[in-house]
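Participant: Just the structure for this:
(chains A and B)
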2 protein chains.
Amino acid sequence: MFQTAMPTQRTRVVRESHRGVYDRETVYRILDEGFLCHVGFLVDGQPFVIPTSYGRKDGNLYIHGSAASRMLRQMKEGVPVCVTVTLLDGLVLARSVFNHSMNYRSVVIIGKATLVDDPDEKIAALRALAEHIIPGRWDDARQPNERELKQTSVLRLPIEEFSAKVRTGPPIDDEKDYSFPTWAGVVPLKMTVGSPIDDPRLDPAREAPPYVKNYSREARS
Amino acid sequence: MFQTAMPTQRTRVVRESHRGVYDRETVYRILDEGFLCHVGFLVDGQPFVIPTSYGRKDGNLYIHGSAASRMLRQMKEGVPVCVTVTLLDGLVLARSVFNHSMNYRSVVIIGKATLVDDPDEKIAALRALAEHIIPGRWDDARQPNERELKQTSVLRLPIEEFSAKVRTGPPIDDEKDYSFPTWAGVVPLKMTVGSPIDDPRLDPAREAPPYVKNYSREARS
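Facilitator: Residues are numbered from 1 along each chain as shown, chains lettered A, B, ... in the order given. Here you go, the predicted structure:
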């Protein structure tokens, strides 16, 4: 089940090209572990980068349009976008400053995002967005009504032109630096989940459900 | 010590404008807590968004040019960029799907990044980059030699045109939804630091220094 998309001239990893990964499975795994993306788009020749949540359904990435009206306005007109998702895994401390690095997994998708018009696809996309962030929530929350659906815009970006970049493992120093008298290694970083905080207006008898209590970003997908 | 930059037409927060923050102190605090930014730039009309580390020194943001040669090539020619830093603090689970949100702090800086030519500024910027990521490291590592300095490009982006966006606190539901029978509240998220992993080639007698052992991303600056 290993689909590969050939990198195009535009998505080929230029720097440190040995870290480039182009198979769809790796890309999906990164997309499914993250839930915050940075969307790049143009306004009058000026690039903007806005953080927003996203969902994935099959080969499409969905963005909740209301996150950035400026972005949305542009996207409606079919301006190209870039969506980048980055998972940070650690600081890599080499003996030399020059060889310091980070362990990370990132995905870059470029293409045209278009407005989802079909009501069924829209509902499915909103469900994918909610379930992507916290599986189990959609069925447990009050689902969107007609008015809210009208107020909400959803954008579809086909995952067609993409690349991933992955760095793992210890620092790589120049051979002669291995004797330099300093510590070297990796400082792991991880997004961790704290204990849920009840809404002040929550019925005190109501406990957080298992999908909240056991919430974790790891080992998903 | 509260400097305020008026938002320009380009940096004014459009969506949820009550979350817009434009004072320099808040912006610096967010920049100093994060260390991964997403840089947006243009290549042949296509926006690209690349994750990279950064440092701040006074009113300038510095980017380690080698992170993205394509970006750098563009930047040398003076193409406008957007640098966005996002700190994610929690998932906000409202009773209605529509009112779900995230707690976060983000900064958007737009402007022109230019290559740092002056050797002193270049060293100072590289030091700021290293110290920004892990304070104490610069003096404890093998510092860049002439050859490495030549290989390294550093870009300066003045922090002049910027805005921040901050969301904190519990979900805000429509009044009639407060009786909806589901849990509501905040799931806190935090970037946490694991135990340092020694490089396999590290002298086993060498312990991790305090700035590594006690490394934390919080309460900095």
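Participant: Pretty sure A:Leu126 sits in a helix.
Facilitator: Yes - A:Leu126 forms part of a helix when assessed by DSSP: H, G, I helix; E, B strand; the rest coil.
Participant: residues in contact with it?
Facilitator: A:Gly55, A:Tyr62, A:His64, A:Pro144, A:Thr152, A:Val154, B:Val97 (C-beta atoms under 8 Å, 6 or more residues apart in numbering or on different chains). Any C-beta I mention is one placed from the backbone N, CA and C, and that applies to glycine too.
Participant: For the nearest residue to A:Phe98 once chain neighbours are set aside, which three-state class applies?
Facilitator: Distance criterion C-beta to C-beta, 6 or more residues apart in numbering or on different chains; nearest residue to A:Phe98, sequence neighbours excluded, is B:Glu148 at 4.3 Å. Under three-state DSSP, the three-state class of B:Glu148 is helix.
Participant: B:Glu148 reaches A:His100, doesn't it?
Facilitator: No - the pair B:Glu148 / A:His100 is not scored as a contact, 11.4 Å apart, by C-beta atoms under 8 Å.
Participant: Could I get the contacts of A:Leu126 in TSV, plus columns for secondary structure?
Facilitator: Shown next, in TSV, are those (three-state DSSP):
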residue	secondary structure
A:Gly55	strand
A:Tyr62	strand
A:His64	strand
A:Pro144	coil
A:Thr152	coil
A:Val154	strand
B:Val97	helix
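Participant: which SS class is the residue nearest in space to the middle of chain A?
Facilitator: The centroid of chain A falls nearest to A:Val85 when counting by C-alpha atoms, centre = their mean (3.5 Å). The assignment at A:Val85 comes out as strand when based on three-state DSSP.
Participant: Report pLDDT for it.
Facilitator: What the model reports for A:Val85 is a pLDDT of 98.
Participant: Which residues does it form beta bridges with?
Facilitator: A:Val107 (DSSP bridges).
Participant: got CSV for the contacts of A:Leu126, with distance to A:Pro196 and pLDDT too?
Facilitator: Output for the contacts of A:Leu126, formatted as CSV (distance: C-beta to C-beta, whole Å; pLDDT from 0 to 100):
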residue, distance to A:Pro196, pLDDT
A:Gly55, 22, 95
A:Tyr62, 26, 94
A:His64, 22, 80
A:Pro144, 23, 95
A:Thr152, 26, 87
A:Val154, 27, 89
B:Val97, 18, 95
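Participant: Tell me the one of those nearest B:Ser163?
Facilitator: A:His64 (20.5 Å; C-beta to C-beta).
Participant: residue with max distance from the center of chain A?
Facilitator: Chain A, C-alpha atoms, centre = their mean, max distance from centroid: A:Ser179 (39.1 Å).
Participant: so is the residue nearest to A:Asp140 when sequence neighbours are not counted in a helix, a strand, or just coil?
Facilitator: Counting by C-beta to C-beta, 6+ apart, A:Asp140 lies nearest to B:Thr182, which is 5.2 Å off, once chain neighbours are set aside. Following three-state DSSP, B:Thr182 is assigned to coil.
Participant: what's the burial count for B:Thr182?
Facilitator: 18 (other C-beta atoms under 10 Å in any protein chain shown).
Participant: for it, what are its contacts?
Facilitator: Per C-beta under 8 Å, 6+ apart, neighbours of B:Thr182: A:Asp140, A:Ala141, A:Arg142, A:Arg206, B:Arg95.
Participant: Farthest pair within those?
Facilitator: A:Arg142 and A:Arg206 (14.6 Å).
Participant: Could you give me the buried positions within stretch A:40-56?
Facilitator: A:40-42, A:46-56 (16 or more other C-beta atoms under 10 Å in any protein chain shown).
Participant: Same list, the residues you listed, but only the ones touching chain B.
Facilitator: Among these, the ones lying near chain B by C-beta under 8 Å from any C-beta of the partner chain are A:Gly40, A:Phe41, A:Leu42, A:Gln46, A:Pro47, A:Phe48, A:Val49, A:Ile50, A:Pro51, A:Ser53.
Participant: Can you check the pLDDT for the fourth one?
Facilitator: Note for A:Gln46: predicted pLDDT of 88.
Participant: Which of the helices and strands in chain A ranks last by mean pLDDT?
Facilitator: Every helix and strand of chain A was ranked by mean pLDDT, DSSP states H and E. The lowest is helix A:69-76, at a mean of 61.
Participant: hang on, the earlier thing: looking at A:Arg142 and A:Arg206, which one has more neighbours?
Facilitator: Using other C-beta under 10 Å as the criterion, A:Arg142 and A:Arg206 rank with A:Arg142 on top: 19 against 14.
Participant: ok, and the closest non-adjacent residue to the more buried one?
Facilitator: B:Ser96 (4.2 Å).
Participant: try A:Tyr211
Facilitator: A:Gly136 (3.2 Å).
Participant: Let me see the contact set for that neighbour.
Facilitator: A:Pro209, A:Pro210, A:Tyr211.
Participant: show me where chain A has helices.
Facilitator: Assigned by DSSP state H, chain A shows helices spanning A:24-33, A:69-76, A:119-133, A:146-151, A:210-213.
Participant: Now stretch A:137-148: buried residues?
Facilitator: A:Arg137, A:Trp138, A:Asp140, A:Ala141, A:Arg142, A:Gln143, A:Pro144, A:Glu148.
Participant: roughly how far apart are the fifth one and B:Ala184?
Facilitator: The spacing between A:Arg142 and B:Ala184, counted by C-beta to C-beta, to the nearest Å, is 10 Å.
Participant: which neighbours do these two share?
Facilitator: B:Arg95.
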